[in-house]
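S.K.: I need the structure of the sequence given here:
(4 chains)
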There are 2 protein chains.
Amino acid sequence: MTTSGVASQARFSAQARLRALQADIMDLILDRELEAGDPLPTENELAMVLGVGRNTLRESLKVLQALGVVEIRHGFGMFVAPSNFDALTDGLTFRGRLSLRHKGDEALELVDVRQALESGLIGNAMDTMTSGQLAAVEESVVLMEELAAAGEAFVEADAEFHRRLFEPLNNALLISLLAVFWKVYRQIHVEVGAGAEDLAAVAAAHRRIYEAVAKGDKALAAERLNRHFDGIRNRIYQVVG
Amino acid sequence: MTTSGVASQARFSAQARLRALQADIMDLILDRELEAGDPLPTENELAMVLGVGRNTLRESLKVLQALGVVEIRHGFGMFVAPSNFDALTDGLTFRGRLSLRHKGDEALELVDVRQALESGLIGNAMDTMTSGQLAAVEESVVLMEELAAAGEAFVEADAEFHRRLFEPLNNALLISLLAVFWKVYRQIHVEVGAGAEDLAAVAAAHRRIYEAVAKGDKALAAERLNRHFDGIRNRIYQVVG
DNA sequence: CAAACAATATTGGATGTCCCACCTTCTGTT
DNA sequence: AACAGAAGGTGGGACATCCAATATTGTTTG
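M.R.: Residues are numbered from 1 along each chain as shown, chains lettered A, B, ... in the order given. The predicted structure follows:
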């Protein structure tokens, strides 16, 4: 039933045929019960099996690579890939930058979703957070404060803070999504050139969030996360007027 | 600074070059201040400008199409596209199906994220929900009940219920993400072949959610949404357990 | 004059072929 | 035994060529 011949004469639109080809490749992986890391047939072999030209096949393969389905290693082969959300990052970043030229709607929507995820899940994360994980969060706060005192930006420490905050949930998909939103926001932020922010104030806001988490006060932690995101949202507002 | 020559001799990895080409195309769109719906140069022209072969360019364009950045219309041209998350859907669906062959981790993670978004945002949605929107939600409930009474599955009505629930937030990105998670879950569900579920019970669960929303009780609505997702999670457990 | 039809130009869709770049593995020498 | 180099196989990339779809233009026809 699967691996339905894409090469059949069907009068599908071009886009539908491309997606059908992608589906056929994915079905082939599932049919052969390949797992992450397993090798796929060579390009020529796949093109033969699926009944399409090599260039056509490559177009689909590159899409699947971007989707994190396959990993392509030059001179070695193609393999079933572990999760990868780089593609989503790129796409959303572009959307966000494009929207900033107008009303910034998409950029704001992105912040809204990230806020919903973080403030909505902080309670769950606190439920299973170990003392070691809590210490790691504070470590990020301290690093941010040190960098702020030195007048240096702390993009990486900021990202690390949020990542560690939700590590206890043990949800790779969530971590990936948050990373995507973080990267997109950061790119937009760079684009906007908002370099004049108060580093110390940002670091302090993160410490307040940490303190609420350390106290075990879920409502307060969610509230302070919301305040943090309000600040981010305001920065975007300032740019798009 | 933008549109850096990808064709330069740099010894980047193949994947990095592909992504650089994609970035160049997106930069070109931003540099020329094109907006959604505006036409892009032809394939040949773009290949010329970016200094790559047409097949190489096409591979990048297909990726951008999958990411919802450009829209390609056979025989007409290429245009800056409106948002499109079909690609994300496909990739996540594949991941979920693949994970079901083992422990189902990714499928469960997906449900967790969807649950976090819905139960975390239901309060915000209720804040701005109009009476008309509330009526639309009930309409979906009634439809589900009718279909359940007739013994028919109500996949579409179920999806519509959740979509309408969060329409008040006016966040296209969120709606898209929820739609993605819904489709992925549905595909996994079909794959799993869990057809023997109690339609009436599912419809009743949705009515209880609606009633909590109608009463304006945010905590209760969130609680009942959580119960609903617990049921979904259990169904996945039954399959992979 | 207007509507319907047909020819054409333009654009993307697809394939085959050729050569290059990269990685692994084998093999032979030291 | 260890290292170096050769060899084979893989994906990367560029053309050239033809196919297919769409919109436009021009002609025909009522």
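
S.K.: In contact with residue A:34, which residues?
M.R.: Applying C-beta atoms under 8 Å, 6 or more residues apart in numbering or on different chains to residue A:34 gives the contacts A:40, A:80. For the C-beta atoms, the positions are set from N, CA and C on the backbone; glycine is no exception.

S.K.: Equivalent analysis for residue A:85, please.
M.R.: A:68, A:176, A:177, A:179, A:180.

S.K.: and of those, the nearest to DNA strand C?
M.R.: Nearest to DNA strand C out of the contacts of residue A:85 is residue A:68 (C-beta to the nearest atom of the strand; 20.1 Å).

S.K.: So residue A:203 sits against residue A:152, correct?
M.R.: No: between residue A:203 and residue A:152 there is no contact under C-beta atoms under 8 Å: 11.2 Å.

S.K.: which one of those two has more residues nearby?
M.R.: Taking other C-beta atoms under 10 Å in any protein chain shown, residue A:203 and residue A:152 do not tie; residue A:203 has more neighbours (22 against 11).

S.K.: Remind me what the helix or strand where that one lies packs against, helices and strands.
M.R.: Residue A:203 is part of helix A:199-215 when elements are defined by DSSP states H and E. For helix A:199-215, the elements it packs on are helix A:131-149, helix A:155-165, helix A:218-240, judged by 3 or more C-beta pairs under 8 Å, 6 or more residues apart in numbering or on different chains; DSSP states H and E.

S.K.: following the shortest one, which helix or strand comes up?
M.R.: Once helix A:155-165 ends, the next helix or strand along the chain (criterion: DSSP H and E) is helix A:172-192.

S.K.: List the contacts of that following helix.
M.R.: Residues contacting helix A:172-192 (C-beta under 8 Å, 6+ apart): A:83, A:85, A:88-89, A:92-93, A:96-97, A:100, A:107, A:110-111, A:113-114, A:117-118, A:121, A:155, A:159, A:162-163, A:166-167, A:232, A:235-236, A:239, B:105-106, B:109-110, B:112-113, B:116.

S.K.: rewinding a little: restrict the contacts of residue A:85 to those near DNA strand C?
M.R.: Near DNA strand C, taking C-beta under 7 Å from any atom of the strand as the test, no member of these is found.

S.K.: Among these, which one sits closest to residue B:16?
M.R.: residue A:68 (15.9 Å; C-beta to C-beta).

S.K.: and residue A:136, what does it touch?
M.R.: Per C-beta under 8 Å, 6+ apart, neighbours of residue A:136: A:164, A:167.

S.K.: How about the residue positioned nearest the centre of chain A, nearest residue that isn't a chain neighbour?
M.R.: Taking C-alpha atoms, centre = their mean, the centroid of chain A lies closest to residue A:180, which sits 2.2 Å from it. What sits nearest to residue A:180 in space, not counting adjacent residues and going by C-beta to C-beta, 6 or more residues apart in numbering or on different chains, is residue A:89, at 4.8 Å.

S.K.: Next up, identify which helix or strand the one you found is on.
M.R.: Take DSSP H and E as the rule and residue A:89 turns out to sit in helix A:86-100.

S.K.: Taking helix B:86-100 as reference, get the angle to that helix.
M.R.: 150 degrees (axes from the mean of the first three to the mean of the last three C-alpha atoms, to 10 degrees).

S.K.: May I see the buried residues of helix A:86-100?
M.R.: A:86-100 (16 or more other C-beta atoms under 10 Å in any protein chain shown).

S.K.: I'd like the distance from the helix holding residue A:203 to the chain centre, please.
M.R.: 24 Å (C-alpha atoms, centre = their mean, to the nearest Å).

S.K.: repeat for stretch A:153-164
M.R.: Centre-to-centre, stretch A:153-164 and its host chain are 14 Å apart (C-alpha atoms, centre = their mean).

S.K.: C-alpha coordinates for it, CSV please?
M.R.: What follows is stretch A:153-164, C-alpha atoms only, in CSV (Å, rounded to 0.1, in the frame of the first residue of the first chain):
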residue,chain,number,x,y,z
ALA,A,153,26.2,41.1,26.4
PHE,A,154,25.1,37.6,27.6
VAL,A,155,23.1,36.1,24.9
GLU,A,156,24.3,32.6,25.5
ALA,A,157,23.9,32.7,29.2
ASP,A,158,20.3,34.0,28.7
ALA,A,159,19.5,31.1,26.4
GLU,A,160,21.1,28.6,28.8
PHE,A,161,19.0,30.0,31.7
HIS,A,162,15.7,29.3,29.9
ARG,A,163,16.9,25.9,28.6
ARG,A,164,17.9,24.7,32.1
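
S.K.: is it up against chain B anywhere?
M.R.: No: using C-beta under 8 Å from any C-beta of the partner chain, stretch A:153-164 stays clear of chain B, with a minimum separation of 14.7 Å.
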